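1. this one's structure only:
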């Protein structure tokens, strides 16, 4: 009778241990969406490629209905590219990715897709403004009898507007919601 009790106790302990091991090890599949709310603000004028930023998970990450990364967990990212526009041409852009999740006293490295924000082409804006100045100059030139001079002055005025306006910048303000996609499966030890 004693041997059956020992056998039963050992079998029960084995089942509990196996169940705990399954619950303790989860994998977030590639393609999972990770939504974060920015803690830090980013700006194409002041930030540089390679700098890091902080955010927090806007929604928990679950696997098979079980939360494995809680909402509010800290997310760390890095800037993968910054393009500033010039005064007359260029398209401002900033690209970022997530590199780590910090929760439950641990930091887990991750690899996500890049999130990119870009502005309109500065060359196109310059062409529109200079073209508008040229057209206005042509109208004034016809009225004054000097179309060649007024047309040139109109184009120059359009270019001057772009010079005074300065380059456009891209900003990702704090509290912005960004979505990333996990690029490779992420095994985690110890789910909640």
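-> Thanks, I have it. Bear in mind the structure is a predicted one, so any value in this text is a computation, not a measurement.
2. Please count neighbours and contacts with C-alpha atoms only from this point.
-> Noted.
3. pLDDT below threshold where in the protein?
-> 1-24, 86-89, 120-167, 190-192 (pLDDT under 70).
4. Phi, psi for residue 48 please.
-> phi -130, psi 160 (degrees, to the nearest 10).
5. where along this structure do the helices fall?
-> Here the chain has its helices, by DSSP state H, at 2-24, 122-144, 147-165.
6. Residue 55 and residue 118: what is the separation?
-> Relative to residue 118, residue 55 is positioned 20 Å away (C-alpha to C-alpha, to the nearest Å).
7. If you count surrounding residues, which of the two has more?
-> Using other C-alpha atoms under 10 Å, the more surrounded residue of residue 55 and residue 118 is residue 55, with 25 against 17.
8. Who is the more buried one paired with across the strands?
-> residue 38, residue 75 (DSSP bridges).
9. Contacts only, for the closest residue to residue 34 other than its chain neighbours.
-> In space, and not counting its chain neighbours, residue 34 is closest to residue 180: 5.2 Å by C-alpha to C-alpha, 6 or more residues apart in numbering. Residue 180 is in contact with 33-35, 97-98, 112-115, counting by C-alpha atoms under 8 Å, 6 or more residues apart in numbering.
10. which residues does residue 182 contact?
-> 29-34, 110-113 are the contacts of residue 182 under C-alpha under 8 Å, 6+ apart.
11. ok, now residue 76?
-> 52-55, 98-102.
12. Can you tell me which of these has the most neighbours?
-> Highest count within those by other C-alpha under 10 Å belongs to residue 98, 27 neighbours.
13. For that one, list each beta-bridge partner.
-> Residues in beta-bridge contact with residue 98 (DSSP bridges): residue 77.
14. Let me know how buried residue 36 is, in neighbour terms.
-> 25.
15. Check the gap between it and residue 83 for me.
-> Where residue 83 is concerned, residue 36 sits at a distance of 23 Å (C-alpha to C-alpha).
16. again, but for residue 47
-> Taking C-alpha to C-alpha, one finds residue 47 at 10 Å from residue 83.
17. what does residue 37 give?
-> 23 Å.
18. likewise residue 50?
-> 13 Å.
19. Of the two, which one has the most company?
-> When residue 50 and residue 83 are compared for neighbours, residue 83 comes out ahead with 19 against 13, by other C-alpha under 10 Å.
20. what residues are up against the more buried one?
-> Contacts of residue 83 (C-alpha under 8 Å, 6+ apart): 44, 91-94.
21. Nearest to residue 71 among these?
-> residue 94 (25.7 Å; C-alpha to C-alpha).
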